[in-house]
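Student: here's a sequence, model it:
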Amino acid sequence: MESTFYVGTCGYSYAEWRELFYPKDLRQTEYLRFYSLIFPFVEIDYSWYAMPKPELLTAMASQTPAEFLFSLKAYRGLTHERGPDWTKDAQRFSFAAEALRSRGKLAAVLIQLPYSYAYTAENRSYLGQLCDALSPFPLVVEFRNSAWYKESVFEELQKRKICLAMLDRPELQGLPPETDRLTSSMVYYRLHGRNEATWWGGNASSRYDYDYSPKELKERARKLISLSKKVERVYVAFNNHAKANAPRNARLLALDIKDLSLNP
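Tutor: Next up, the predicted model:
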């Protein structure tokens with residue numbers, strides 16, 4: 001099986017990327033177009049902070065090449081701050097996501113669950129209901145708590161054809177172990193950096209302030225090439241956005257994958 005690789009970043013509209021990735025005189029409204037001419041996909045994170053609107057997603061899609069893809073991070077009201085009306089939020093989110101899916105521009109919907117999302121009967125039940133509500137879309141689930149890494153969970157994801165997100169993260173107790181377990185026809189690999197010192201106490205910038213070394217990137221490239229032989233698509237999203245490390249590392253990883261594929 002020959003897979004297609006999509007290497008990109010988590011988010012793209014960072015002011016600090018100006019002059020480091022984006023040209024100094026480029027208007028912020030032109031960032032997505034510029035980004036889409038370099039990378040084949042992007043993970044949209046704003047949809048976690050605010051409920052996405054279909055008209056905005058449609059406008060974003062129109063700025064990108066036909067083959068460019070988006071993954072959409074599930075709204076926080078569905079994952080981190082669930083309320084009694086979560087089903088209405090799921091319907092609104094689905095309506096927005098359909099704007100991308102109907103145009104062939106949706107790579108996946110990412111359900112990212114926080115470390116505090118404990119492995120309990122109630123949470124297992126809710127996750128199943130949420131996956132049912134979002135079942136029209138290709139789904140990826142990211143657990144930040146190692147308690148969810150159980151064979152029964154993997155089997156349920158596989159039964160539903162839901163992708164288990166693979167993570168590159170610090171070696172800290174309680175975080176999920178690195179795994180090659182496949183539960184769907186795609187790989188979705190998120191690289192968060194390896195900042196042990198700031199992971200728990202840092203902010204959104206310092207936690208992900210990490211620059212992967214050439215050796216680390218080549219190791220990741222070899223891993224992904226091996227996994228690609230078992231799936232249809234491989235998505236790689238760099239979340240180490242501080243100091244524009246994410247786009248720089250993404251470009252280098254893409255080159256490593258290409259080079260190692262041609263010269264094993």
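Student: CA only for contacts and neighbour counts going forward, please
Tutor: Fine.
Student: mean confidence score for stretch 224-242?
Tutor: Mean pLDDT, computed over stretch 224-242, is 96.
Student: same question for stretch 33-40.
Tutor: 98.
Student: okay, buried residues for that stretch please.
Tutor: The neighbour-count check on stretch 33-40 (16 or more other C-alpha atoms under 10 Å) flags 33-36, 39-40 as buried.
Student: next one: stretch 203-218
Tutor: 206-212, 217-218.
Student: first to last residue in it, what's the distance?
Tutor: 28 Å (C-alpha to C-alpha, to the nearest Å).
Student: likewise for stretch 173-183?
Tutor: 24 Å.
Student: circling back to that earlier point, looking at the buried residues of stretch 203-218, which are in helices?
Tutor: Among these, the members found in helices (DSSP state H) are 217-218.
Student: show me where this protein has helices.
Tutor: Under DSSP H, the chain gives helices at 31-36, 46-49, 54-62, 76-79, 86-101, 121-133, 151-160, 214-228, 245-262.
Student: how about those helices in CSV, adding distance to Arg169?
Tutor: Below are the helices of the chain laid out as CSV (distance: least, C-alpha to C-alpha, whole Å):
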stretch, distance to Arg169
helix 31-36, 25
helix 46-49, 20
helix 54-62, 30
helix 76-79, 20
helix 86-101, 28
helix 121-133, 23
helix 151-160, 20
helix 214-228, 12
helix 245-262, 14
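Student: neighbours of Thr79, just the number please.
Tutor: 19 (other C-alpha atoms under 10 Å).
Student: relative to Gln112, how far out is it?
Tutor: Thr79 sits 7 Å away from Gln112, going by C-alpha to C-alpha.
Student: what's the answer for Asn203, then?
Tutor: Following C-alpha to C-alpha, the distance that separates Asn203 from Gln112 is 18 Å.
Student: that older thread, could you point out which of the helices of the chain sits nearest Val7?
Tutor: Val7 sits nearest to helix 245-262 of all these, at 6.2 Å, using C-alpha to C-alpha.
Student: restricting to C-alpha, output the closest one in CSV.
Tutor: Taking C-alpha atoms only, helix 245-262 is exported to CSV below (Å, rounded to 0.1, in the frame of the first residue of the first chain):
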residue,chain,number,x,y,z
ASN,A,245,9.7,26.0,15.0
ALA,A,246,6.7,24.2,13.6
PRO,A,247,6.9,25.2,10.0
ARG,A,248,10.7,24.9,9.9
ASN,A,249,10.5,21.4,11.4
ALA,A,250,7.7,20.4,9.1
ARG,A,251,9.6,21.4,6.0
LEU,A,252,12.7,19.5,7.2
LEU,A,253,10.6,16.4,8.0
ALA,A,254,8.9,16.4,4.6
LEU,A,255,12.4,16.5,3.0
ASP,A,256,13.6,13.7,5.2
ILE,A,257,10.6,11.6,4.2
LYS,A,258,11.1,12.2,0.5
ASP,A,259,14.8,11.5,0.7
LEU,A,260,14.5,8.3,2.8
SER,A,261,11.7,7.1,0.5
LEU,A,262,13.9,7.4,-2.5
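Student: buried residues of that helix, list them for me.
Tutor: 245-250, 252-254, 256-257.
Student: tell me the one among those residues nearest to Glu122.
Tutor: For those, the nearest to Glu122 is Ala246 (35.8 Å; C-alpha to C-alpha).
Student: OK, contacts around that closest one?
Tutor: Contacts for Ala246 (C-alpha atoms under 8 Å, 6 or more residues apart in numbering) come out as 9-10, 211, 238-240.
Student: ok, so of these, who is nearest Gly83?
Tutor: Cys10 (25.9 Å).
Student: that closest one contacts Asp45, doesn't it?
Tutor: Yes - with contacts counted by C-alpha atoms under 8 Å, Cys10 reaches Asp45, the gap being 6.6 Å.
Student: neighbour count winner among these two?
Tutor: The residue with more neighbours, out of Cys10 and Asp45 and counting by other C-alpha under 10 Å, is Cys10; that gives 25 against 19.
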